[in-house]
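A.B. asks: Just the structure for this:
(4 chains, ligands or ions: 2)
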Amino acid sequence: MKFGVIVFPGSNCDHDCYHVIRHVMGMPVEFVWHKETHLSGFDCLILPGGFSYGDYLRTGAIARFSPVMRAVEDFAEAGGPVLGICNGFQILLEAGLLPGAMLRNRSLSFICQDVYLCLENPHIPFTLLGHSSQVLRMPIAHGEGNYYADPQTLAELEANGQVVFRYCTAEGEKTDGANPNGSLHHIAGICNREGNVLGIMPHPERCCEGILGNEDGKLIFESILLTR
Amino acid sequence: MQEPPITPELVARHGLTEEEYDRILKALGREPTFTELGIFSASWNEHCSYKSSKPVLKLFPTSGEDILIEAGEENAGVVDIGDGLVVCFKVESHNHPSAVEPFQGAATGVGGILRDIFTMGARPIALLDSLRFGPLTEPRNRYLLHGVVSGISFYGNCMGVPTVGGEVYFDEAYQGNPLVNVLCVGIARRKEIVRARASGTGNPVYYVGSATGRDGLGGASFASRELTEESERDRPAVQVGDPFTEKLLLEACLELFKTGHVVAIQDMGAAGLTCSTAEMAARGGCGIEIDVEKVPRREPGMIPYEVLLSESQERMLLVIQRGREEAVETILRRWDLHAVAIGRVTDDGLVRVKDCGRVVAEIPARALVDEAPVYVREEREPPYLRETRNLDLRCLEEPQDYQGILIRLLSSPTLASKQWVFRQYDHMVRTNTVVLPGSDAGVVRIKGTDKALALTIDGNGRYSYLDPYEGGKIAVAEAARNLVCSGARPLAITNCLNFGNPEKPEIFWQFRRCVEGMAEACRRFNTPVTGGNVSFYNEGPEGAVYPTPVVGMVGLIEELGRMAPITAWFKNEGDLIILLGETQEALGGSEYLKEIHGRVAGLPPQLDLEREASLQQACLEAIRAGIIHSAHDCSEGGLAIALAECCICGPGHGRGAHIDLFAPEIRTDALLFGESPSRIVLSLEAQHLPQLKGIAEGRGIPLSLLGQVGGDHFSLEMSASGLYIHLPISELKGIWSGAIERCLRI
Amino acid sequence: MARAKVYVTLKAGILDPQGKAVKGGLEALGFSEVEDVRVGKYIELRVADGSEENLKARIDEMCQRLLANPVIEDFLSEIVQEASSEEDSDPSKFRRKLDLDHKINRK
Amino acid sequence: MARAKVYVTLKAGILDPQGKAVKGGLEALGFSEVEDVRVGKYIELRVADGSEENLKARIDEMCQRLLANPVIEDFLSEIVQEASSEEDSDPSKFRRKLDLDHKINRK
Ligand SMILES: Nc1ncnc2c1ncn2[C@@H]1O[C@H](COP(=O)(O)OP(=O)(O)O)[C@@H](O)[C@H]1O
Ligand SMILES: [Mg+2]
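C.D. replies: Residues are numbered from 1 along each chain as shown, chains lettered A, B, ... in the order given. Ligands and ions are numbered 1, 2, ... in the order given. Next up is the predicted model:
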């Protein structure tokens, strides 16, 4: 299974994703420069974290117009799995591949720390190996992860099982105190209706190795591998 | 624009003395032009020329087995770590800009030090920051803390370089003049190190990066003056940083270096285009000719003087191999970067600046760099020392409520958890951070090897205020101890020396004594100085800051696979708690004395370098033997605070401990809160105690059993004196971790 | 009830990275006519009754002390005409009013 | 040469933590009369000659496509009167002009 990691100017978790795919999962992977217009030969695309275009104006606002995004849309349309992590998630929102938008964290500051996530939908390609209500620990590192959508969109997300991860306590309780950024419905990750496009704020690629003290992120990458 | 004639007033306004002006006349053999006067002024000011500090900095040891490039030869020294890899690291101050515009001041400080490292061909792998502010009871200081931390966070996070450690102190001495020092560590293949010395007559000189504007005009001279009320209006000296452009520069430069087309590179830092041109030429023993007309500009109507002295950020000067222009430009274009050939290398040793064909400046490069004036400043022991030395402990009443004091100290911002700060920094990006902020040192693995680097930054200004020599020694010793507690062997240091106005003899005395102390400690620990930064004129309306030497140290862990790095916090129920080293009656300069008794007095703890070295060797040996579960250095706040930290500083809920102290020959407050150095708190399984004893005895280091890890309380007792502290861990953790946030919510 | 609008912009000559990036973004979208973009802050304040005669001075003081940093930023402020008391109590109406003042364009 | 000003604000009803923080900051400084603060963006554009008749439409298109995110933001735009061609070439003058338009307050 071949992965493509899209590199926007300002991406900075591109190498981390590459490292996990190649050296931890042992899978072929290539960087894809944002000016590419064709994406052939890839079985899964990752939009990594970082500060594409400095996150100026709004996170992901300028990156979504990168030439490669057309091809990403086509790829997603054809059912190909697309994973947006952090800034990648923000780009997917701006591009309209996922509904809603990100606001600044309610604390107004950037937050880098471990959080707990409750797996709400273990049936999409990225979560097949998990089970419902499973609690995972993963780091976040963002200043704008406060997910917003209008009430109707939220209701649709909920009804269709598109909320994939919610912030929770270590014990799995979805409380306001466990929500690090003020995100509506404690949303940490959502997918599209078809389930092949996933956006998450936490960084699974930062927790895939024992030496880093946490391997919970592997669930996502190992799940994708199962689909082939 | 008509250039103003050179008058004595104009010379003085450029911060040049009469003697210095005479020197200029001699160097040129004629009167300088207006542009040349500006160039001399920028190159010869304190910040760029080190004219006051140079003779003193010679006291530092700079060579060693692992040192490939020594301090001063390049932008930063280079240390060999084997496997064909080298480390280079350096610390930079941005105190003055941060005082007037904390967010951008701190952000551009991060930008500058990152450029220093990646222009050497190294990829930045970590940042650390050392901060000093006035008390958080003042709104202005809260504003500064907010601004500085978010500025560092903004720039460092965007660059994708993790900030893995740092320190923050709060003290009235920094009221009006905060300190913002940032350390960057980079890694390169030994073969790919890039120099900053121009060579090859006819090679083109390229300007790469952001266009030049009028911002930051005269920033270096700004940093060479005391802060006054007017500084607040010193608009041009503060710039706005663009981390996005810098990220592109970083990636483009590292890609360029791999091609071998780059002969030399230097970033345009303080004094901008002027300094970088002169330094590259002087280092290479050649000349450089540039045409200012070709320099990309953001604003119309700029005169050569302004273009040459602007300190606009995110700009680089490159010398490349003739004939490789096309290849170089292609790479830079791919990264959307401006690249313009603005000149070439010459063989006449002159920095020549042309504007529309007319020569506006022509100065021997050496005159600007190597022949800058050097001063042997007058020095005198400051009179305040006579008073502070006379601390009579008998006048200090011993407190009754030790539990209350422990709580007060744990919630004082200087001792409290700095989580509020480091949580705003991305400390995990690059997925190498094996020990996150919160332990004694940050640890970063090096992918593709079995190695890791341990990194720390330390310096206690109050100690140096009370005795600069001891303060300097302790800063180095503490840094080394922090690394050793993580299981690393200290390699080398960088430093930032933050002092007041060096033209005042008392300040200069502090400066020299401090460097002497640091130098002696560096020699003993075999940790040469690879570079650093001197920041003078740190004076607010109320006088100079504490003399504050900040030491950044890098240590090596050779076999990460065999042994995970050690952290500060207790791990297992039932482990024994051991103190390596000895507690003396050292209350002078302590946090306890300041916080509880409101006194800054006494002599700081006296450090015996031999004893310290043995202690560190013993600790490292025990860690390498694989018998240690946690190691924490005992520093500010003393033994009681160190023990409490071992219980609460780890991730999760923390661990309780039962501690039983012996009846001592020293006062109880000194036992609990005195800051005698050369002490480490360890925890290990009982069965390994004999082995640890053997190691300690072998090094002549005393060892005492303090208690045991367990339960959910921190209990500390000493039956002889009736002392009894008993507090739930959850409460202790809450007090300590939330203290800074509570201060900010006032 | 009075309302004020405050505009905070980077001083002339100071680099505006955000403006630069937005200009690049607009160009990439084909808006090649755009020659310069500067991005600043737009702050709306609702202020209690009473102090209206010296309102302008108070607002400017707020700007100098908190809303802008005079080291790198300029500001300008405008006082908007009074709203009826009914509107005062409803922030969304207050906003609609503001918007109408400027013939707002919503999509 | 034409200039445009664009104001981007969070939609009414969306919580504005930055506005709340600014309000808190103003209160701490003693500006207790402030009852509500909202923080948005203020964007100035300088646009090349030629397209002036449909300028407003172009600017609004820029807003819809890039400058504002319709999920969370409203925008409004204004076209500012022409500058003389001499001023066109000098952005600092351009800014000074803009400033004067609003009787800018500098200290
Ligand atoms: N400004 C800061 N930035 C990042 N980390 C910090 C900062 N200040 C403190 N820390 C981290 O908090 C922990 C405790 O700091 P400190 O009390 O200075 O430790 P020590 O005395 O062992 O040097 C360390 O891990 C340190 O790196
Ligand atoms: Mg320390």
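
A.B. asks: what about residue B:260, neighbour count?
C.D. replies: 11 (other Cβ atoms under 10 Å in any protein chain shown). Using the backbone N, CA and C atoms, a C-beta is placed for each residue, glycine as well.

A.B. asks: so who does it touch?
C.D. replies: residue B:321 (Cβ atoms under 8 Å, 6 or more residues apart in numbering or on different chains).

A.B. asks: How much space separates it from chain C?
C.D. replies: In this view, residue B:260 and chain C are 31 Å apart by Cβ to the nearest Cβ, to the nearest Å.

A.B. asks: Got phi/psi on that residue?
C.D. replies: phi 80, psi 10 (degrees, to the nearest 10).

A.B. asks: Would you tell me which residues of the stretch 501-650 of chain B are close to chain A?
C.D. replies: Selection of the stretch 501-650 of chain B residues close to chain A by Cβ under 8 Å from any Cβ of the partner chain yields B:560, B:564.

A.B. asks: For chain C, what's its nearest residue on the stretch 501-650 of chain B.
C.D. replies: residue B:540 (16.6 Å; Cβ to the nearest Cβ).

A.B. asks: pretty sure that residue is touching residue B:175, no?
C.D. replies: Yes. The criterion here is Cβ atoms under 8 Å, and residue B:540 meets it with residue B:175 at 5.9 Å.

A.B. asks: List the buried residues in the helix or strand that residue B:359 is a member of.
C.D. replies: Taking DSSP states H and E as the definition, one finds residue B:359 inside strand B:358-364. Judged by neighbour count using 16 or more other Cβ atoms under 10 Å in any protein chain shown, the buried positions of strand B:358-364 are B:360-364.

A.B. asks: any idea which helix or strand comes after that strand?
C.D. replies: Using DSSP H and E, the first helix or strand after strand B:358-364 is helix B:365-368.

A.B. asks: Show me the contact partners of that following helix.
C.D. replies: By Cβ under 8 Å, 6+ apart, helix B:365-368 touches B:27-28, B:39-40, B:43-44, B:274, B:277-278, B:281-282, B:286-288, B:349-351.

A.B. asks: What of stretch B:22-36?
C.D. replies: B:3-4, B:6, B:10, B:16, B:37, B:40, B:304-305, B:308, B:353, B:360-364, B:367, B:371, B:373.

A.B. asks: Which of the helices and strands in chain C ranks last by mean pLDDT?
C.D. replies: Within chain C, no helix or strand scores below helix C:91-101, which has a mean of 42 by mean pLDDT, DSSP states H and E.

A.B. asks: re earlier: which strands and helices sit next to the strand holding residue B:359?
C.D. replies: Counting contacts by 3 or more Cβ pairs under 8 Å, 6 or more residues apart in numbering or on different chains; DSSP states H and E, strand B:358-364 packs against helix B:18-28, helix B:34-44, helix B:304-309, strand B:350-355.

A.B. asks: of the ones you listed, which approaches ligand 2 most closely?
C.D. replies: helix B:34-44 (35.2 Å; Cβ to the ion).

A.B. asks: all strands of the chain, in order?
C.D. replies: Answering for chain A, as no chain was given. A:3-7, A:29-33, A:44-47, A:82-85, A:101-103, A:111-119, A:135-142, A:146-148, A:163-168, A:187-191, A:197-200 (DSSP state E).

A.B. asks: wrong one, chain C
C.D. replies: C:2-10, C:34-47, C:73-80.

A.B. asks: and residue B:447, which of those strands is closest to it?
C.D. replies: Nearest to residue B:447 among the strands of chain C is strand C:34-47 (38.0 Å), distances taken as Cβ to Cβ.

A.B. asks: can you dump the C-alpha coordinates of the closest one into PDB?
C.D. replies: Taking C-alpha atoms only, strand C:34-47 is exported to PDB below (Å, rounded to 0.1, in the frame of the first residue of the first chain):
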ATOM      1  CA  VAL C  34      -4.200  43.400  -6.500                       C
ATOM      2  CA  GLU C  35      -1.000  45.300  -5.800                       C
ATOM      3  CA  ASP C  36      -0.700  45.500  -2.100                       C
ATOM      4  CA  VAL C  37      -2.600  44.000   0.900                       C
ATOM      5  CA  ARG C  38      -2.300  45.000   4.500                       C
ATOM      6  CA  VAL C  39      -4.100  43.100   7.200                       C
ATOM      7  CA  GLY C  40      -5.000  44.700  10.500                       C
ATOM      8  CA  LYS C  41      -7.500  44.400  13.200                       C
ATOM      9  CA  TYR C  42     -11.100  45.700  13.400                       C
ATOM     10  CA  ILE C  43     -12.500  46.000  16.900                       C
ATOM     11  CA  GLU C  44     -16.000  46.900  17.700                       C
ATOM     12  CA  LEU C  45     -16.800  48.200  21.200                       C
ATOM     13  CA  ARG C  46     -20.100  48.800  22.900                       C
ATOM     14  CA  VAL C  47     -19.800  51.400  25.700                       C
END
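
A.B. asks: right, is it up against chain B?
C.D. replies: No. Remark: strand C:34-47 sits outside contact range of chain B, by Cβ under 8 Å from any Cβ, the gap being at least 10.2 Å.

A.B. asks: residues of stretch B:597-612 that come out buried?
C.D. replies: B:597, B:599-605, B:607, B:609, B:611-612.

A.B. asks: what's that stretch in contact with?
C.D. replies: B:387-391, B:396, B:460, B:462-467, B:470-471, B:473-474, B:477, B:480-481, B:520-521, B:524, B:581, B:584, B:586-590, B:593-594, B:674-678, B:701.

A.B. asks: Centre of the chain to it, how far?
C.D. replies: Relative to its chain's centre, stretch B:597-612 lies at 22 Å (Cα atoms, centre = their mean, to the nearest Å).

A.B. asks: near ligand 1, which residues of the stretch 51-200 of chain B show up?
C.D. replies: B:129, B:131, B:163, B:165-168 (Cβ under 6 Å from any ligand atom).

A.B. asks: Which ones among these also lie next to chain D?
C.D. replies: Counting by Cβ under 8 Å from any Cβ, no member of these is near chain D.

A.B. asks: Filter those down to the buried ones, ChimeraX style.
C.D. replies: The ChimeraX command for the buried members of these (criterion: 16+ other Cβ under 10 Å) is given here:
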select /B:129,131,163,165,166,167,168
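
A.B. asks: Tell me which stretches of chain A form helices.
C.D. replies: A:14-19, A:68-77, A:87-94, A:151-159, A:218-226 (DSSP state H).

A.B. asks: Quick check: chain neighbours aside, which residue is closest to the residue nearest the centre of chain C?
C.D. replies: Nearest to the geometric centre of chain C sits residue C:42, at 2.7 Å (Cα atoms, centre = their mean). Residue nearest to residue C:42 in three dimensions, not counting chain neighbours: residue D:42, with 3.8 Å by Cβ to Cβ, 6 or more residues apart in numbering or on different chains.

A.B. asks: Same question for residue A:193.
C.D. replies: Nearest to residue A:193 is residue A:160, by Cβ to Cβ, 6+ apart, at 5.8 Å.

A.B. asks: any idea how far residue A:76 is from that neighbour?
C.D. replies: 16 Å (Cβ to Cβ, to the nearest Å).

A.B. asks: Between these two, tell me which one has more neighbours.
C.D. replies: With neighbours defined as other Cβ under 10 Å, residue A:160 and residue A:76 compare such that residue A:76 has more, 20 against 15.

A.B. asks: What parts of chain A come near chain D?
C.D. replies: A:57-58, A:61-62, A:65, A:94, A:100-101, A:103-108, A:148-150, A:182.

A.B. asks: Equivalent analysis for chain B, please.
C.D. replies: B:139, B:299-301.

A.B. asks: Tabulate the residues you listed in JSON lines, adding columns for secondary structure, pLDDT and neighbour count.
C.D. replies: Compiled in JSON lines, the residues of chain B next to chain D are given as follows (DSSP: H, G, I helix; E, B strand; the rest coil; pLDDT from 0 to 100; neighbours: other Cβ atoms under 10 Å in any protein chain shown):
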{"residue": "B:139", "secondary structure": "helix", "pLDDT": "92", "neighbour count": "12"}
{"residue": "B:299", "secondary structure": "coil", "pLDDT": "84", "neighbour count": "19"}
{"residue": "B:300", "secondary structure": "coil", "pLDDT": "85", "neighbour count": "10"}
{"residue": "B:301", "secondary structure": "coil", "pLDDT": "85", "neighbour count": "11"}
